[in-house]
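**Student:** Provided below for reference: sequence and predicted model.
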Amino acid sequence: MISTELSTELNQLFGEKVETLAPGSWQVDTPEFRLLVLLSDDQSWLRLLVAIAPAQEAQPFIEQLMEDNFDLTQETRYALQQDVLWGVYQHSCAGLASEDFVSAVQRLLHLRQQGLDNCFSRLIEARVRQIVQAAKQQGQSLEATLQTLDRFYEEGLLGDMKAGATAREETLSAWRYQLTRLWEEINP
């Protein structure tokens, strides 16, 4: 795929939202995302980039992001650069088919849309699993574990002390749901 073909593909996908920054580099800027399309100086390699989150927000989820790179992201990858978590796609221009380019753009936009939500959910589930495992190893029942969490919230050991009663109850409800859901699955 050469520069003119890339330009045509981008225009077919995004129309007038495509901006040529310099020869071999384009930007698609929308309220939902900003996609950068860059060719190497010798125009032999293509790189697509979409910002996902500030690196500081992504830091707690590095393990989940690396697992995703291995298992889920297929031809796209997560990467950290310039204090930003990026979705990245790189490919040799010589072997790049139009369908692969469109697929990569769609996958990057999907990563952007997901943000860190899936990573957060998986991290929380892993932590809840650890709590269930520890509680069961100590011989606690589900009810006793729920009471301990409730007490921790009452004493301010967990949660935001400034949160109101409604926020506290919503948080405890989410804990109860997760603990109950995972309790029977986990064996010490």
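**Tutor:** Thanks, I have it.

**Student:** the longest helix in the chain is where?
**Tutor:** If each helix of the chain is counted by residues according to DSSP state H, the longest one is helix 117-137.

**Student:** Now tell me what touches that one from outside.
**Tutor:** 58, 60-61, 63-65, 68, 144-145, 148, 175, 178-179, 182-183, 186-188 (C-beta atoms under 8 Å, 6 or more residues apart in numbering). Just so you know, the C-beta spots here come from the backbone N, C-alpha and C atoms, and that holds for glycine as well.

**Student:** again, but for stretch 73-87
**Tutor:** Contacts to stretch 73-87, defined as C-beta under 8 Å, 6+ apart, come from residues 49-58, 65-66, 68-69, 88-89, 91, 100, 103-104, 107-108, 111-112, 116.

**Student:** Filter the residues you listed down to the buried ones and express that as a PyMOL selection.
**Tutor:** The buried subset of the contacts of stretch 73-87, as determined by 16 or more other C-beta atoms under 10 Å, is captured in PyMOL by this line:
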select buried, resi 49+50+51+52+53+58+65+68+88+89+91+104+107+108+111+112+116
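
**Student:** Looking at the contacts of stretch 73-87, which are in strands?
**Tutor:** Among the contacts of stretch 73-87, the subset assigned to strands under DSSP state E consists of Leu49, Val50, Ala51, Ile52, Ala53, Pro54, Val88, Tyr89, His91.

**Student:** Just say helix, strand or coil for the residue of the chain most remote from its centre.
**Tutor:** In the chain, the residue that sits farthest from the middle, by C-alpha atoms, centre = their mean, is Gly139; the gap is 35.8 Å. Look at Gly139: counting by DSSP: H, G, I helix; E, B strand; the rest coil, its state is coil.
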